[in-house]
Structures are given as C-alpha cells and as structure tokens.
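Got a predicted structure here, sequence first:
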Amino acid sequence: MSMLRQRKPKPQLEEHEEEEEEEEEEKKKKKVRPTEDPPLKKRWSCVDSCCWFIGLICSIWWFLLFLYNAMPASFPQYVTEAITGPLPDPPGVKLQKEGLKAKHPVVFVPGIVTGGLELWEGHHCADGLFRKRLWGGSFGELYKRASLSLIPPGPLCWVEHLSLDNETGLDPPGIRVRPVTGLVAADYFAPGYFVWAVLIANLARIGYEEKTMYMASYDWRISFQNTEVRDQTLSRIKSNIELMVATNGGKKVVVIPHSMGVLYFLHFMKWVESPAPMGGGGGSDWCAKHIKAVMNIGGPFLGVPKAVTGLFSAEAKDVAVARALTPGFLDKDFFRLQTLLHVMRMTRTWDATMSMIPKGGDVIWGGHDWSPEEGYDCAPKKQKSNDTMITDSNGANGRQSQAEIVNYGRILSFGKDVAEAESSKIERTDFRGAVKGNNFANGTCQDVWTEYQDMGIGGIKAVADYKVYTAGSILDLLHFIAPKMMKRGDAHFSYGIAENLDDPEYQHYKYWSNPLETRLPHAPEMEIYSMYGVGIPTERAYVYKLSPTTDCNIPFQIDTSADGDDDSCLQGGVFLVNGDETVPVLSAGYMCAKGWRGKTRFNPSGIPTYVREYDHAPPATLLEGRGTQSGAHVDIMGNFALIEDIIRVAAGATGEDLGGDRVYSDIFKWSEKIKLRL
C-alpha cells in the first residue's frame, strides 16, 4: 500500500511537465512570429472620405435640428433682445393695439416654386407616395420619398414625375401631380422656411381666420390658361372670391400675389371679364365689384433676365459658381445622373417659366449701347447710421458720374471683351441661317435628350459667333436652341408691345399676362400696388463662354472668371443692378411708376397705382432668422413694414392713407428713359 501511495503524485508531475513543455513551444512560436511580414493596412479611399464627410454633415445637421426643436420658442427672442435691445412688436400685435380689425377678405396668390405639389398617380418607382408631396413640404414627407429622390434610379424617377409632356405641356401618360390646396399649400416651403406663414399669423392677430383668407394655389409648372383647361383653377378662384364677398357683407377682397403669381393674377383679371369659352364670362365690371386692391409683391411684370439663363443653360449666378468650382461634375455621367441636363430637360417642360422671359424688347431693356439703368453705381452703400453720401430724391448717390459704364442692354455676351466693347467694333455672324445637325462623336447621353443634341457643333458655334444678345434678339435665340419648347410657349405667351390694343388679336389669352399687350380692367376705385425690395445686387446681364462640346453636357455656361473691381457691377460673369436678388427694379416698378400711372392706354380707367419699396437691411443677429427688414425676393414676406402696409389696406386703408409712393431707388428716373407710347 505504501508503494502505491508513493506513486500517485508521479502522473501529476508528468502532466505538469508536459504542460510546461507546451507553454515553452508556444513561446518559441511567438518569438518567430515577429519576423513575419505584418498584415497590410487598408488604404483610405476617396469614397471613405466622402462617406465620412457626408456622415459628419448629417450628424451636425441632426444635432442642430434637435437643439432647435428642444429650445423654448422664446429663447431666440430673449437672446436677441439681450444683444440688440427690445424688439418691436410684430405688425399684427401693433395694429391690434391700435384697434384695427379684419375687414376685407384676403386672397393669396403664390409664385413659382413656393407652392406644394403632391402625387395622385404615378409609375411603379413612386409606389407608396400617393398624396405625398413631390415638391415642398415637411422633412418627414421628404424621408418617405427617399427611395424616389436619393437612390438611383430614384432621382430620375423624381424628374420623370415632375416633368410635363414635351408636346402638350400637360400630364405625361400615367402621371398626375396636383397642387396642394388650403393655406398649407404655401405657408412654409420647408420646416422653418416660411413663405406666407408670417403674414397669415399677423393677419390672424386682428381677427382673420380661414374663412376670410384663401390661398389660390395652382400648378405653377403649366401655362396659365392650361391651369383652367386641366384643373379649372381660374374658375375656382372666381367662385371663391365671389363667395368671400357674398359671405362678408359685400366687402371686396384684397388680393396679394407674389412673384410669378403677379403675372398669373394679371392673366386672371383679363380672363374673368372675357366671354366664355376662352374667358370666365364675368363681364367688364367683375373686378370693380369684387376687388378692392391688388398688392403685388416682387412682381416680375416685365420678366427677369434670370429666366433666360435658366432656359439657356439651366444656370443662375449660384449654379454657375458651383459649375465652375467642380468643372464637368454637374455635366458628367455621374451614376448615370447628368445633373444639369436632367434639370434642363425637366424645367423646359414647365411652360409657366416662359411667362418670365423679358417683355418689351429693346424699348424696355435697352440695346447694344444703352439701358435705362445706365450710370448705376454698384459700390456698397454707406451704413444708415453714417450716411455721408449725397442723395437725390430718387435715391441716387452723388458718385454716379464716376460709375463704370455697363451695357446692361446686352443681356448675353460671349466674352468680357465683347460685353465692354463698342458695338461698332464687334464682328458678328448671324446664327439664324446656320445649318443644324447632330455631329457629336459621343452618343452615350442620348437618354438625357435636350434640344441641344439636334443643333450639333455647327449650330452651337453659330450661337457663340453672334456674340451679343439683347432682349429683342433673345427670343430668336430661344427659338433657335429650343424650338419645341418655344412652339408651346408661343401658343400661351407673348413678349411684345401692342401698337393697337383694340385689335381683336389681343383678345387671345396669350397676351393676358403681358402688361404691355393688355389693358387693366375698368375698375377706377380699385388700387394696384408694386411692393418690392431694393438694395440687393440682382442679376441683369451675363458673360458667357463655350463649354467643352459633347452631347453629355450643356454647351454654354456663365464665365465666372469674368470679374471687375471690388465695387464693379460685374461679379462672377454676372452684371448686377438694384433689385430684390431675383427681380430687377425696372421690372418690378416700371408699370406702377409710369406704364399704368394715371390714365394711359394700358390703364384707361385710371386705376390708382402706388410704388412701395422696402430697403433691404440684413438681420442683426443669426437668431433673428431671415430678418424683419429683409428686401430679398422671398424673405420680404417676413418684412414688418410690408406686412403692416398689407394689414392696413386689408383693414380698410387706401394708398393715400399709407402715404402714397415710398421709393429708395431710381425707378422714376429710369422710367423716364424708356420711350414708350402711353
């Protein structure tokens, strides 16, 4: 037994020794491993950088959005008051304290882009988006359509559903997109980005509610007359105004159009008095019976040069800068998304955009060697608190005699030297006889068809060789580069000056949105206001260049390298003038300053007209948002002075009660330079 007891630990020792041997072998193996090549590190790619950058931006955005929604509603006001002192009461509160009350019903007419559009019928790629907004609306709705708008072929699906038929200008087969109705159609374009919301809230302060306010929403993509053909929108506006007058004791409405809505309502006033079936059959006294005042905000009465570049190269100043910073990116076949080509293909089906092509030709906008705004000084103005400039009654500063010579009448010039040269020294070749033909070598982008592909290199070169385009030759240019688009446009819009308004041809609806080819209604007690911002550099003329010519890009682009001095009117290939950032003063103010002033052939009943300008002042702090004294084209909808003017008129005041004209620009001086028979 003792022998056995002594042998028991032996196996345990052997096991322990074996374990030690195994550990030593493992250590030896570990010592060998460092001599092996280390594993290769994953290389950081450009895609990784882009993903991280996008993720960072999204994270910051979500965090800021969370903070914005989490903070008390009054927090920005408290901070702003701590910095700048007590803020003035909103106009609605101020006028409520004065005892003003709701009187006349109000009608809002939104402009281009700001009205919401929703899907009623679509193709397979838009499944699940029934009655969801494809334009405007909340972020929640944007996320619900993320599959349609963010992931290929999603963007193409979105473009497809917002495009119209290229032949009819109406719905493509199998697609129905319709305007959103009610005040929510255009109160906000996106969360926090107001359009009509501030004005609506201030009107509510003195007693207005939904039964005394009406948003005349319409599909801003289609031609004005086609809104009646497809949706009976003009008839709905007529019926709603009649109902509002009847249910409010016979009090006439105050109509407040904005931007393109100004042209739309101008069309309506002629439509409503014209006999059926082309018109509404209301009779020549309908406006006199139903409308107290038309208060036009930022109205492009005579068009905007920006509309030309949008149709010509799908650009404006900001897009041109982006196109220059990323050469070729917006044109290239990037994930099969030729961005600008798709934008051009879509917007060229929106017939309503053609309503904003400049009207009146060289008589209004100037020619090769003159323009009404000649002598305008683009130098930054002094601060109001330290205004040492000499100022005349029209707001012109005393340094204008030293201002640079700008040929604003040359709306498009190919080259800075051409824009500045004497017209007699410019050698030009007429493009109108050029032979077109598709002679591009690259055919990979034919699925993104634009009419440029039909022009060929020869046609494109002919356009550039013509060198200079004024408002008079712009129409010939657009007919040459986009004949299919302009064929539809010619059926619905006109851009000339009527010689004889009694000619029966001017009874056609194509003339009704051009104030130079139609009469105002017979309503001598009605008032018309032009209300717009001034003091912001606004696009007026452009310097162009040829871009690399393939059928995968747009062959023309704004030459952002064309610059003047610091105080020059030429900035980034764009000649700037006074305006509201979108509409030049000339277009917004001329008709009320002169064309309709008193009894003229365009205003035979002598409807009183008033020019009300709002001098732009940027917000004092970031917490003030878009500012209460802004003159910018959309931000002016939150301008306290403008809102106060509207509320006073809605409560019963007249233009004389407001003080008549209020002018900061040279609109009266510029109007006198226009030799138009009145």
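Ah, there it is. Residues are numbered from 1 along each chain as shown.

and the gap between Ala186 and Trp158?
Applying Cβ to Cβ, to the nearest Å, the value for Ala186 to Trp158 is 20 Å. Bear in mind the C-beta positions are built from the backbone N, C-alpha and C, glycine included.

And for His616?
34 Å.

got it, and Thr247?
Distance of Thr247 to Trp158, given as Cβ to Cβ: 41 Å.

neighbour-wise, which of those two wins?
Using other Cβ atoms under 10 Å, the more surrounded residue of Thr247 and Trp158 is Trp158, with 21 against 12.

quick one: secondary structure of that one?
With DSSP: H, G, I helix; E, B strand; the rest coil as the basis, Trp158 sits in helix.

what residue is smack in the middle of this structure?
The structure's the chain has its C-alpha centroid closest to Val113; by Cα atoms, centre = their mean the separation is 6.2 Å.

OK, contacts around that one?
By Cβ atoms under 8 Å, 6 or more residues apart in numbering, the contact list for Val113 reads Trp135, Phe189, Trp220.

and the last one, what helix or strand is that in?
Trp220 is located outside every helix and strand, with elements delineated by DSSP states H and E.

Run a quick neighbour tally on it.
By other Cβ under 10 Å, 25 other residues sit near Trp220.

So for it, what's the pLDDT?
The model reports Trp220 with a pLDDT of 95.

is it true that Ala491 touches His508?
No - assessed by Cβ atoms under 8 Å, Ala491 is found out of contact with His508, at 9.7 Å.

Touching both of those two, which residues are there?
Common neighbours of Ala491 and His508 (criterion: Cβ under 8 Å, 6+ apart): none identified.

in the stretch 101-250 of the chain, which spans are strands?
For the stretch 101-250 of the chain, the strands defined by DSSP state E, counting those that start in this stretch occupy 106-109, 117-121, 133-135, 176-179, 188-190, 193-194, 213-215.

give me the low-pLDDT residue ranges for the stretch 451-600 of the chain?
Per-residue confidence for the stretch 451-600 of the chain (pLDDT under 70) gives these ranges: 549-552.

Can I get stretch 363-381 as CSV, trimmed to CA atoms?
Below are the C-alpha coordinates for stretch 363-381, written out as CSV (Å, rounded to 0.1, in the frame of the first residue of the first chain):
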residue,chain,number,x,y,z
VAL,A,363,-37.6,99.6,-75.9
ILE,A,364,-37.8,98.5,-72.2
TRP,A,365,-34.5,96.7,-71.5
GLY,A,366,-32.1,98.7,-73.7
GLY,A,367,-30.0,97.9,-76.8
HIS,A,368,-26.3,97.4,-77.5
ASP,A,369,-25.3,100.8,-76.3
TRP,A,370,-27.9,102.0,-73.8
SER,A,371,-30.1,100.8,-71.0
PRO,A,372,-32.5,102.6,-68.6
GLU,A,373,-30.1,101.8,-65.6
GLU,A,374,-27.1,103.3,-67.4
GLY,A,375,-24.9,105.0,-64.8
TYR,A,376,-26.0,102.8,-61.9
ASP,A,377,-23.3,102.7,-59.1
CYS,A,378,-22.7,99.2,-57.7
ALA,A,379,-20.4,100.4,-54.9
PRO,A,380,-21.7,99.3,-51.5
LYS,A,381,-23.8,102.0,-49.9
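
Only the buried residues of the longest strand along the chain, if you could.
Counting residues, the longest strand found in the chain (DSSP state E) is strand 536-546. By neighbour count on 16 or more other Cβ atoms under 10 Å, the buried set for strand 536-546 is Ile536, Pro537, Thr538, Glu539, Arg540, Ala541, Tyr542, Val543, Tyr544, Lys545.

quick check, nearest of the residues you listed to Asp645?
Ile536 (19.3 Å; Cβ to Cβ).

Could you check how far the residue nearest to the closest one when sequence neighbours are not counted is from Lys97?
Setting aside the residues directly before and after it, Ile536 is nearest to Glu581 in space (Cβ to Cβ, 6 or more residues apart in numbering), at 4.5 Å. Separation of Glu581 from Lys97 (Cβ to Cβ): 33 Å.

And Pro300, by the same measure?
Pro300 is 36 Å from Lys97, where distance means Cβ to Cβ.

more crowded one of these two?
A count of neighbours by other Cβ under 10 Å puts Pro300 above the other of Pro300 and Lys97, at 27 against 10.

So the more buried one, which state does it fall into?
Relying on three-state DSSP, one would call Pro300 coil.

My guess is it contacts Ser587. True?
Yes - between Pro300 and Ser587 there is a contact at 5.2 Å, judged by Cβ under 8 Å.

where exactly do the strands run in the stretch 251-400 of the chain?
Taking DSSP E, counting those that start in this stretch, the strands of the stretch 251-400 of the chain run over residues 253-257, 291-297.

okay if I get those as CSV plus mean pLDDT?
Compiled in CSV, the strands of the stretch 251-400 of the chain are given as follows (pLDDT from 0 to 100):
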stretch, mean pLDDT
strand 253-257, 98
strand 291-297, 98
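
Dump those strands into JSON lines; add mean neighbour count and distance to Met455 as well.
Shown next, in JSON lines, are the strands of the stretch 251-400 of the chain (neighbours: other Cβ atoms under 10 Å; distance: least, Cβ to Cβ, whole Å):
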{"stretch": "strand 253-257", "mean neighbour count": "26", "distance to Met455": "37"}
{"stretch": "strand 291-297", "mean neighbour count": "26", "distance to Met455": "38"}
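
now those as CSV including distance to His124?
Output for the strands of the stretch 251-400 of the chain, formatted as CSV (distance: least, Cβ to Cβ, whole Å):
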stretch, distance to His124
strand 253-257, 38
strand 291-297, 41
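
For Asp502, which of the ones you listed is the nearest?
strand 291-297 (24.2 Å).

Please save the CA atoms from that closest one in PDB.
Extracted as PDB, the C-alpha positions of strand 291-297 are listed here (Å, rounded to 0.1, in the frame of the first residue of the first chain):
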ATOM      1  CA  ILE A 291     -61.600  93.600 -55.800                       C
ATOM      2  CA  LYS A 292     -60.600  96.500 -53.500                       C
ATOM      3  CA  ALA A 293     -56.800  96.300 -54.100                       C
ATOM      4  CA  VAL A 294     -54.100  94.100 -55.800                       C
ATOM      5  CA  MET A 295     -51.000  94.300 -53.700                       C
ATOM      6  CA  ASN A 296     -48.300  92.800 -55.900                       C
ATOM      7  CA  ILE A 297     -45.100  91.600 -54.000                       C
END
